[in-house]
Every structure is written in C-alpha cells, then in structure tokens.
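Student: Task: produce atomic coordinates for the following.
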Amino acid sequence: MKVRPAWLPAIVILAVSSGLFAAAKTYPAYAIKAGKILTITQGIIENGVVLVRDGKIEKIGTDVAIPSGYAVIDVSRHWLLPGLVDTHSHSGGEGWNDLNDMVFQLNSDLRILNAVALNTPELRRAVAAGVTTINFIPGSGSNSGGTGIIMKTAGEELDDSILRFPGVMKIAQAGNPEREYTGEIGAGRMGMNWNLRELIKATKAYTDEWAKFERGETKTPPKKDIRYEYTKDIFSGALPVFVHCAWFQPVQMVYLMWLDEFGIEGAIITHGEFGAYRNAPAIAGRKVFYDCGPRLYDFERDSFLGIVTEYERGGTKNVSINTDSAAGGQEYLSLQASMAVRLGLDEQSALEGITINGARSLRIDHRVGSIEKGKDADLVVWTGSPLDVRSHTILVLVNGRIVYDISKDGQTF
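Tutor: Numbering: from 1, shown residues only. As a prediction, this is how the structure comes out:
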C-alpha cells in the first residue's frame, strides 16, 4: 500500500452561536485506487478509483480524474469494500453487567445509550476486522429490554459515533425471558405475549394522543411519558422493532402479533433457529426482516442445514448475518459469512448479509452498507475476498477518516 500525501489547505469555518465561536470539522480528501471494488449494490469495478471528501463518497469509477489536493491511497493490488454492518451486537459498552435490567419484564424506558463506551479494545478489534457499524442493543433477559443505538465502531466523541438514537426497540419473545416456577405474569409464552400486547396498546394510545395535539385537535399537550417516548416511532416505521426469538412458534408470533395484529411493519426477527426456517414463506410475503446468527446451522434429518440458506430457499429476502457479540466477538463477522457460504449460501448473498441487508433492515441503507455516491465513506481495504479466511484488512476508513492502518497499528485481532 502506498499513500502519497498531498497538501490539504486547512479551512477553518467559524460560526457564531449564542455568542460563542465554534470551529467546523474538517475532513481529509482521498483518492483510493483499488484493484477490485465490491460496491455490493452496483457490481464489481476492476481497477477503479473512489473519491472521498467531507466524510462522504464523492465519486466511483474507472475513469475518474483525481482533483488537486487529494491524497492518493494506492491499493491497486487489493480489494475495496464497504464497512461491514453487524446487526446484533452487545459490544458497544464495557462488559456484560450493563446489558440487562431484569427487575421488570417490560423496560421500554431504558436505553443502552447510557452504557456506550468509545475506543474500547472490543471496538478497536471490530474496526481492525472491517466492522464499522453495529446495532448496539440491550440483552434479552426481559421481554422489553429498552432501546438500542446504531453506532459507528470508531469515533472520539459520542456525536461522531452515533448514527441514530433510538436505533431499535429491543424485544425478546420467548427463550431467555422465560422464567420457570416464578409464578409471575410473563414467565411463560402466554404471559409474555399478553404483556407485549398491553405494551403495544399503551404505546399506541400515547402516540395517538400526541398526534391529536400535533394536528391541533387538542389544545393541551399530553404529559411526556418516558416509557413510551423513545418507542412511539414503531408505528411510523422510523424505529425498527428488533425481536430476539427462536423455534417455530415464537418466530411465527413476531409477524402474527407485530405486523398482522397491530400493523407494525419491518420487524426484525433475530436468531430464528431450531426449525424456525419453516416460517420463511410466511416471512417472504410480509414486510418483515430476518437476521441470522450467531448459530448458522440446524441439525435435522441426520444432516446439517444452513439456516440462512433454508430461509432464502423459502423465499425470504434481505437476510442479514450477525455475531451476537458480547464484550467482544464482532471481529468474527466476516467468518460468520464465510461459514454461511460453507453451509450452502452463495457468495453474493453472504456479502449482502454483512453489509447492505442489515443496513436495509435497520433503515440506514441511505448512509452505509454499500459503496455509492453520497454515502458515508466507511471503506475497508482487504488483501482479498473477506469470505476467504486467509484474507485480512489493511486499511479502514470511517466517516472518511483513516481509523486503522496495518502498517502503523499492526494486526490486532
């Protein structure tokens, strides 16, 4: 890799706000020459150039004039891909202790934002592995664990790292929240589904009251209620419902309850193992997403079945792949995709599963997930295909800034 530095004029823009002067952020400008550019959504470009300016992708192609003042990054022997997107992560903080609060079964007013930690060893490993965006979420110890955030894995300040807050409404429907012999409502599947229905009804009533006020139908604004304030956008589709579940019946209940019963589109089913792939045809005909991992196979009929492959065979599209990382493990996202290929998935679907598909399900595909003009300059240089376990990253950019360089930082994962 050869980087030819160029003189970049330092432009400081001063803005007056409340009597204070604030310097606008400046970004380097790069021209990246790559031997193979995997755009993910617009095919493969051989021996192309990507221009990066102001933290965004400015231009892509094979016949791109490099403007004056752009530092040239020559990786013409290597592959350039968008930063990877891990749709299910618990590694945006400092450990397990902050992931769950299980005093109540419903905790929609909690927020993982309060547990975010930047520049941790776990996030640095994720960056070095090419993972640039994660959906950092609470655990699944209760039916409603709170709201997650969608964040970049690199950034010196919180505002630089957070892509969206709230990011998702975290739900756990069966499995981990089931508490045997406690006698409390919600310990089993019947009780937890009753609890969740009541939560949806209460959130909808709160949302409707605010809508009436905003339309001028009522003169007095409703009282703010933090239990519903962070999650009211689930009805408009702006806030995805992210549902931890497994087995056939709980996965079925996600689309039957959230979509068919309450009309909430775009719920994300995460995990979905243990024969639940039989729901694939029903999912394919509905506005529901599926997110697979960390388990990638089922063992049935005396054989291993690739779960992603079975969902796709059933017609489910836009399947994403995750690590379910907790206090580390995000660095294995490309390995997850490689194993999905080993279990029958085609390579293009696997690459989409760790990039654009997760971005689509999280409603952030206008920002990340592919190499397209106007998107965030989250770019990763690989020695070869990320689906080849012999390949590794050598350079990572997040928001147009170099955040990992193997020649300086060394291999860290």
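
Student: so where's the stretch 1-150 of the chain uncertain?
Tutor: Within the stretch 1-150 of the chain, the segments meeting pLDDT under 70 span 1-24, 96-97.

Student: Could I get the full set of helices for it?
Tutor: 121-128 (DSSP state H, counting those that start in this stretch).

Student: cool, and the stretch 301-413 of the chain?
Tutor: So, for the stretch 301-413 of the chain - with DSSP H, counting those that start in this stretch - the helices run 307-313, 333-342, 347-353, 356-361, 406-409.

Student: any chance of these in JSON lines, plus mean neighbour count, mean pLDDT and distance to residue 234?
Tutor: All C-beta atoms are positioned from the backbone trio N, CA, C, and that covers glycine. Below are the helices of the stretch 301-413 of the chain laid out as JSON lines (neighbours: other Cβ atoms under 10 Å; pLDDT from 0 to 100; distance: least, Cβ to Cβ, whole Å):
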{"stretch": "helix 307-313", "mean neighbour count": "23", "mean pLDDT": "96", "distance to residue 234": "24"}
{"stretch": "helix 333-342", "mean neighbour count": "22", "mean pLDDT": "97", "distance to residue 234": "27"}
{"stretch": "helix 347-353", "mean neighbour count": "20", "mean pLDDT": "98", "distance to residue 234": "24"}
{"stretch": "helix 356-361", "mean neighbour count": "25", "mean pLDDT": "98", "distance to residue 234": "14"}
{"stretch": "helix 406-409", "mean neighbour count": "12", "mean pLDDT": "86", "distance to residue 234": "40"}
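
Student: Let's have the ones you listed in JSON lines, adding distance to residue 300.
Tutor: Converted to JSON lines, the helices of the stretch 301-413 of the chain look like this (distance: least, Cβ to Cβ, whole Å):
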{"stretch": "helix 307-313", "distance to residue 300": "9"}
{"stretch": "helix 333-342", "distance to residue 300": "17"}
{"stretch": "helix 347-353", "distance to residue 300": "21"}
{"stretch": "helix 356-361", "distance to residue 300": "25"}
{"stretch": "helix 406-409", "distance to residue 300": "42"}
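
Student: Which among those is found nearest to residue 32?
Tutor: Proximity to residue 32 (Cβ to Cβ) singles out helix 406-409 among those, at 15.4 Å.

Student: In the record's domain split, what are the boundaries for this protein?
Tutor: Under automatic domain parsing, the residue ranges defining each domain of the chain are 2-82+375-409, 84-361.

Student: most tightly surrounded among those?
Tutor: domain 84-361 (a mean of 20; mean count of other Cβ atoms under 10 Å).

Student: downstream neighbour of the lengthiest helix in the chain in the secondary structure list?
Tutor: For the chain, the helix reaching the highest residue count under DSSP state H is reported as helix 189-214. Downstream of helix 189-214, the first helix or strand assigned by DSSP states H and E is helix 226-229.

Student: Find the residue at the geometric middle of this structure.
Tutor: residue 87 (3.5 Å; Cα atoms, centre = their mean).

Student: Residue 141 is in contact with residue 104, correct?
Tutor: No - with contact defined as Cβ atoms under 8 Å, residue 104 does not reach residue 141; the gap is 10.6 Å.

Student: returning to that earlier point: now the longest helix of the chain: average pLDDT?
Tutor: Helix 189-214 comes out with an average pLDDT of 94.

Student: gap between it and the chain center?
Tutor: 26 Å (Cα atoms, centre = their mean, to the nearest Å).

Student: which other helices and strands contact it?
Tutor: On a contact count with 3 or more Cβ pairs under 8 Å, 6 or more residues apart in numbering; DSSP states H and E, helix 189-214 meets helix 226-229, helix 248-254.

Student: for the stretch 201-350 of the chain, what are the low-confidence residue spans?
Tutor: Across the stretch 201-350 of the chain, the ranges flagged by pLDDT under 70 are 327.

Student: how far away is residue 260 from residue 33?
Tutor: The spacing between residue 260 and residue 33, counted by Cβ to Cβ, to the nearest Å, is 51 Å.

Student: Equivalent analysis for residue 80, please.
Tutor: For residue 80, the distance to residue 33 - Cβ to Cβ - is 9 Å.

Student: Looking at the helices of the stretch 301-413 of the chain, which is nearest to residue 220?
Tutor: Taking the helices of the stretch 301-413 of the chain one by one with Cβ to Cβ, helix 356-361 is closest: 38.0 Å.

Student: one step back: report the contact partners of the residue nearest to the centre of the chain.
Tutor: Contacts for residue 87 (Cβ atoms under 8 Å, 6 or more residues apart in numbering) come out as 135, 268, 270, 291, 320, 321, 322, 358, 361, 362.

Student: residues contacting the residue lying closest to the fifth one once chain neighbours are set aside?
Tutor: If you skip the residues right next to it in sequence, residue 320 has residue 358 as its closest partner in space, 3.8 Å away by Cβ to Cβ, 6 or more residues apart in numbering. Under the criterion of Cβ under 8 Å, 6+ apart, the neighbours of residue 358 are 85, 86, 87, 135, 291, 320, 321, 322, 369.

Student: rerun that using 6 Å as the cut-off
Tutor: The contact partners of residue 358, taken as Cβ atoms under 6 Å, 6 or more residues apart in numbering, are 85, 87, 320.

Student: and the gap between the residue of the chain most remote from its centre and residue 212?
Tutor: Largest separation from the mean C-alpha position in the chain: residue 219, at 39.3 Å (Cα atoms, centre = their mean). Separation of residue 219 from residue 212 (Cβ to Cβ): 10 Å.
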